[in-house]
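Enquirer: Build me a structure from this.
(one chain, ligands or ions: 1)
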Amino acid sequence: MYTAAKDGRRTVDELAAALSVPRHHLAKVVQRLQRLGLLATARGRGGGVELEPGARRVGVGTVVRRLEADDEVVQCDDPPCPLRGQCQLRSAFRRAHDAFLRSLDEVSLADLVADDAGPVLLSIGWSSGDTGAR
Ligand code: SF4
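Expert: Numbers count the residues shown, from 1 in each chain. Below you'll find the predicted structure:
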(Lines give C-alpha, C1' and ligand atoms only; values in the text may rest on other atoms or scores of the structure.)
Protein backbone atom coordinates (compact mmCIF):
# COMPACT_ATOMS: atom_id res chain seq x y z
CA MET A 1 0.00 0.00 0.00
CA TYR A 2 2.77 2.37 0.91
CA THR A 3 4.44 2.11 -2.49
CA ALA A 4 1.05 2.53 -4.16
CA ALA A 5 0.41 5.77 -2.32
CA LYS A 6 3.12 7.77 -4.05
CA ASP A 7 5.17 7.57 -7.21
CA GLY A 8 8.91 7.21 -7.02
CA ARG A 9 11.42 4.87 -5.46
CA ARG A 10 12.15 4.42 -1.79
CA THR A 11 15.12 2.61 -0.41
CA VAL A 12 14.53 -0.35 1.88
CA ASP A 13 16.03 1.68 4.71
CA GLU A 14 13.58 4.52 4.09
CA LEU A 15 10.62 2.15 3.92
CA ALA A 16 11.69 0.32 7.06
CA ALA A 17 12.00 3.60 8.95
CA ALA A 18 8.71 4.93 7.63
CA LEU A 19 6.80 1.79 8.47
CA SER A 20 8.65 1.06 11.73
CA VAL A 21 9.51 -2.43 10.51
CA PRO A 22 12.87 -4.16 11.05
CA ARG A 23 14.98 -3.73 7.92
CA HIS A 24 15.72 -7.44 7.46
CA HIS A 25 12.02 -8.25 7.69
CA LEU A 26 11.09 -5.56 5.19
CA ALA A 27 13.83 -6.72 2.80
CA LYS A 28 12.27 -10.19 2.79
CA VAL A 29 8.82 -8.76 2.14
CA VAL A 30 10.17 -6.64 -0.73
CA GLN A 31 11.94 -9.66 -2.22
CA ARG A 32 8.76 -11.71 -2.06
CA LEU A 33 6.59 -8.98 -3.58
CA GLN A 34 9.18 -8.51 -6.30
CA ARG A 35 9.03 -12.21 -7.15
CA LEU A 36 5.25 -11.93 -7.29
CA GLY A 37 5.57 -9.14 -9.84
CA LEU A 38 4.19 -6.41 -7.60
CA LEU A 39 7.34 -4.45 -6.79
CA ALA A 40 10.28 -3.37 -8.93
CA THR A 41 13.71 -2.74 -7.48
CA ALA A 42 16.72 -0.91 -8.84
CA ARG A 43 20.25 -0.92 -7.51
CA GLY A 44 22.74 1.88 -7.24
CA ARG A 45 22.43 5.62 -6.93
CA GLY A 46 18.79 6.61 -7.22
CA GLY A 47 17.80 3.00 -6.79
CA GLY A 48 15.16 1.65 -4.51
CA VAL A 49 11.77 0.04 -4.45
CA GLU A 50 8.64 1.06 -6.31
CA LEU A 51 5.38 -0.45 -7.40
CA GLU A 52 5.57 -2.28 -10.71
CA PRO A 53 3.92 -0.41 -13.56
CA GLY A 54 0.38 -1.67 -13.75
CA ALA A 55 0.33 -3.07 -10.23
CA ARG A 56 -2.05 -0.34 -9.09
CA ARG A 57 -4.77 -2.06 -11.11
CA VAL A 58 -4.14 -5.43 -9.43
CA GLY A 59 -6.96 -6.57 -7.18
CA VAL A 60 -6.37 -7.27 -3.53
CA GLY A 61 -7.77 -10.78 -4.10
CA THR A 62 -5.01 -11.44 -6.63
CA VAL A 63 -2.38 -10.28 -4.16
CA VAL A 64 -3.76 -12.57 -1.45
CA ARG A 65 -3.88 -15.53 -3.88
CA ARG A 66 -0.25 -14.93 -4.90
CA LEU A 67 0.83 -14.71 -1.28
CA GLU A 68 -1.15 -17.74 -0.13
CA ALA A 69 -0.33 -19.92 -3.15
CA ASP A 70 -2.66 -22.91 -2.95
CA ASP A 71 -3.09 -22.97 0.79
CA GLU A 72 -6.45 -24.18 1.95
CA VAL A 73 -8.33 -22.77 4.91
CA VAL A 74 -8.12 -26.13 6.66
CA GLN A 75 -5.37 -28.71 6.43
CA CYS A 76 -7.06 -32.06 5.96
CA ASP A 77 -4.18 -34.10 4.58
CA ASP A 78 -1.33 -33.87 7.05
CA PRO A 79 -2.10 -35.91 9.00
CA PRO A 80 -4.89 -37.27 6.81
CA CYS A 81 -8.32 -36.72 8.29
CA PRO A 82 -10.49 -39.85 8.24
CA LEU A 83 -13.51 -37.75 7.27
CA ARG A 84 -11.99 -36.43 4.03
CA GLY A 85 -14.10 -38.65 1.78
CA GLN A 86 -17.42 -37.56 3.21
CA CYS A 87 -16.68 -34.14 4.65
CA GLN A 88 -18.97 -31.28 3.67
CA LEU A 89 -17.06 -28.79 5.77
CA ARG A 90 -13.99 -28.86 3.54
CA SER A 91 -15.93 -27.91 0.40
CA ALA A 92 -17.88 -25.30 2.37
CA PHE A 93 -14.60 -23.73 3.47
CA ARG A 94 -13.38 -23.73 -0.14
CA ARG A 95 -16.54 -21.98 -1.35
CA ALA A 96 -16.31 -19.43 1.46
CA HIS A 97 -12.64 -18.81 0.70
CA ASP A 98 -13.36 -18.36 -3.01
CA ALA A 99 -16.15 -15.90 -2.20
CA PHE A 100 -13.81 -14.03 0.16
CA LEU A 101 -11.17 -13.66 -2.57
CA ARG A 102 -13.72 -12.67 -5.22
CA SER A 103 -14.89 -9.93 -2.90
CA LEU A 104 -11.32 -8.70 -2.51
CA ASP A 105 -10.95 -8.76 -6.31
CA GLU A 106 -13.35 -5.82 -6.42
CA VAL A 107 -10.79 -3.63 -4.65
CA SER A 108 -7.57 -2.63 -6.41
CA LEU A 109 -4.33 -1.44 -4.84
CA ALA A 110 -5.17 2.00 -6.25
CA ASP A 111 -8.50 1.92 -4.42
CA LEU A 112 -6.67 1.35 -1.13
CA VAL A 113 -4.83 4.64 -1.43
CA ALA A 114 -7.57 6.67 -3.08
CA ASP A 115 -8.97 9.88 -1.68
CA ASP A 116 -7.72 10.64 1.83
CA ALA A 117 -6.18 7.23 2.54
CA GLY A 118 -3.02 7.90 0.50
CA PRO A 119 -2.01 11.13 2.29
CA VAL A 120 -2.73 9.57 5.69
CA LEU A 121 -0.64 6.54 4.77
CA LEU A 122 2.23 8.72 3.61
CA SER A 123 2.12 10.71 6.83
CA ILE A 124 2.83 7.62 8.92
CA GLY A 125 6.36 7.99 10.19
CA TRP A 126 7.48 9.60 6.95
CA SER A 127 7.56 13.23 8.04
CA SER A 128 10.92 13.09 9.82
CA GLY A 129 13.50 14.39 7.41
CA ASP A 130 11.77 13.40 4.21
CA THR A 131 10.36 15.96 1.85
CA GLY A 132 8.78 13.38 -0.41
CA ALA A 133 10.57 15.02 -3.34
CA ARG A 134 12.23 11.91 -4.75
S1 SF4 B 1 -13.36 -32.62 9.33
FE2 SF4 B 1 -13.40 -32.06 7.16
S3 SF4 B 1 -12.56 -29.99 7.09
FE4 SF4 B 1 -11.99 -30.86 9.07
S5 SF4 B 1 -9.97 -31.76 8.73
FE6 SF4 B 1 -11.48 -33.39 8.39
S7 SF4 B 1 -11.86 -33.35 6.18
FE8 SF4 B 1 -10.90 -31.42 6.71
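Enquirer: Near the ligand, which residues of this structure are found?
Expert: Within the chain, the positions near the ligand by Cβ under 6 Å from any ligand atom are 74, 76, 81, 83, 84, 87, 89, 90. All C-beta atoms are positioned from the backbone trio N, CA, C, and that covers glycine.
Enquirer: Could you dump these into JSON lines and include pLDDT?
Expert: Compiled in JSON lines, these are given as follows (pLDDT from 0 to 100):
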{"residue": "74", "pLDDT": "88"}
{"residue": "76", "pLDDT": "91"}
{"residue": "81", "pLDDT": "94"}
{"residue": "83", "pLDDT": "92"}
{"residue": "84", "pLDDT": "88"}
{"residue": "87", "pLDDT": "92"}
{"residue": "89", "pLDDT": "94"}
{"residue": "90", "pLDDT": "91"}
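Enquirer: So the residue most central in space within the chain: helix, strand or coil?
Expert: Computing the C-alpha centroid of the chain and ranking residues by Cα atoms, centre = their mean puts residue 63 first, at 5.9 Å. Secondary structure, DSSP: H, G, I helix; E, B strand; the rest coil: residue 63 is helix.
Enquirer: Appreciated, that's everything.
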